[in-house]
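>>> This is a predicted model, with the sequence first.
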Amino acid sequence: MLQNKNKMIIETIFYMILASSLIAGTTILAKMLGTNKLGPALNPMQISNARFFFAFVIITIILLITRNKIKNPNIKLHIARSMCGWIGISILFAGSSIIPVSDATALVFTKPIFAMLLAIPLLGEKVKLIKWIAAFITFFGAVILIRPENNMINLQPIALLLLFGAAIMGLESILIKMLTNLEKPIPILFVNNGIGLLISSTPLYWVWQSPNNFQLIAMFGIGALMLCAQSCFIQALKRSDANFVVPYFYSALIFVIFYDFLIFKITPDYISILGASIIIFGGLIIYLSESRNKIID
């Protein structure tokens, strides 16, 4: 029994870290599309629409192959989740093209704080003091990565917008948790991406511009990576409470720094290393706390 519980914890962490690495990849691709790296910069609304379009095409193929059936989906919950996902990812993509990717990601991934707060009234979860302390440790690491002495004075509007995006994405995490208790993963992804595609297609009339071949490949990559990340996130939420799962999304900051180095040749400085180390430390505290509770139970 104890081995099964420890295996469940390890699987949860694995899925969340994998999801984080994939999310970081989509953010880097979005930056490339939102700047002139691959051609004329595309609007964040068009980029987020591509994310839903290609994800929907892929999940439709998977649905047909696996012959999964859509049975009585909670449409209201799906619409709320899709709206939150579209708003949150559009804000992240927009912020990534304006300020450094690590700063934008750090701001958006304060969402575990919002998710933990919302999990109390919406899911009835109890969050122990040690987890609150660990979450704020990881938040402090994110603040260090923002480099407030250089950025926050000049970037208050975009910073506030990204924090709003974090709150919206925190709510999305709770809605996903609710859906995993009611429906199967593949139908959830199919309905979510279908609704997201409809929602995100509305502003295309005003922002559309024809992408080149390199941009099309990157847009497909965003859709595919985001779909895989969603699948990993759902698998993680099926295995544990939201207040344990969501803080591991902070590891996306570490992946963003790594990808920045590989693609944009940006070498992490001591502030980046310090911030990432604090984030890892906070995650380890949460892991050890959860492991201890499982052993006691």
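Everything's here; your move. Numbering: from 1, shown residues only.
>>> so the closest residue to residue 267 other than its chain neighbours is in which element?
Nearest residue to residue 267, sequence neighbours excluded (CB to CB, 6 or more residues apart in numbering): residue 261, at 6.1 Å. In this view, the C-beta of every residue, glycine as well, is placed from N, C-alpha and C. Residue 261 belongs to helix 251-264 when elements are defined using DSSP states H and E.
>>> in the protein, which helix or strand is least confident?
helix 148-151 (a mean of 56; mean pLDDT, DSSP states H and E).
>>> Quick one: the strands in the stretch 151-297 of the chain, in order.
Using DSSP state E, counting those that start in this stretch, no strands are found in the stretch 151-297 of the chain.
>>> And the stretch 1-150 of the chain, by the same measure?
Taking DSSP E, counting those that start in this stretch, the stretch 1-150 of the chain contains no strands at all.
>>> Any regions of this protein where pLDDT drops low?
Scanning the chain for pLDDT under 70 picks out 1-5, 109, 112, 145-156, 242-244, 246-247, 283, 286-297.
>>> need the longest helix for it.
Criterion DSSP state H: the longest helix present in the chain is helix 2-34.
>>> how far off helix 251-264 does it point, in degrees?
Comparing the axes of helix 2-34 and helix 251-264 via axes from the mean of the first three to the mean of the last three CA atoms, to 10 degrees yields an angle of 40 degrees.
>>> what's helix 2-34 packed up against?
With contacts defined as 3 or more CB pairs under 8 Å, 6 or more residues apart in numbering; DSSP states H and E, helix 2-34 has these neighbours: helix 44-66, helix 75-98, helix 101-108, helix 213-239, helix 242-245, helix 251-264, helix 270-296.
>>> Of all the ones you listed, which one is nearest residue 35?
helix 75-98 (5.8 Å; CB to CB).
>>> Identify each buried residue in the longest helix of the chain, please.
9, 12-13, 15-34 (16 or more other CB atoms under 10 Å).
>>> same thing with stretch 191-211?
Neighbour-count burial for stretch 191-211 [16+ other CB under 10 Å]: 191, 192, 193, 194, 195, 196, 197, 199, 200, 211.
>>> Pull the most distant pair out of those.
Across those (CB to CB), the longest gap, 26.8 Å, separates 191 and 211.
>>> And stretch 229-246, how far out from the chain middle?
Counting by CA atoms, centre = their mean, to the nearest Å, stretch 229-246 is centred 11 Å from the centre of its parent chain.
>>> Pull the residues that contact it.
With contact meaning CB atoms under 8 Å, 6 or more residues apart in numbering, stretch 229-246 is reached by 8-9, 11-12, 15-16, 18-20, 22-23, 26, 55, 111-112, 115-116, 119, 123, 125, 127, 131, 170, 173-174, 176-177, 180, 185, 188-189, 192, 248, 286, 290.
>>> What of stretch 107-114?
Contacts for stretch 107-114 (CB under 8 Å, 6+ apart): 88, 91-92, 95, 135-136, 138-139, 142, 146, 159, 162-163, 165-167, 169-171, 173, 246-247, 249-250, 252-253.
>>> Emit the ChimeraX select command for whichever of the residues you listed are buried.
Those of the contacts of stretch 107-114 that count as buried under 16+ other CB under 10 Å are selected in ChimeraX with:
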select :88,91,92,95,135,138,139,142,146,159,162,163,165,166,167,169,170,171,173,246,247,249,250,252,253
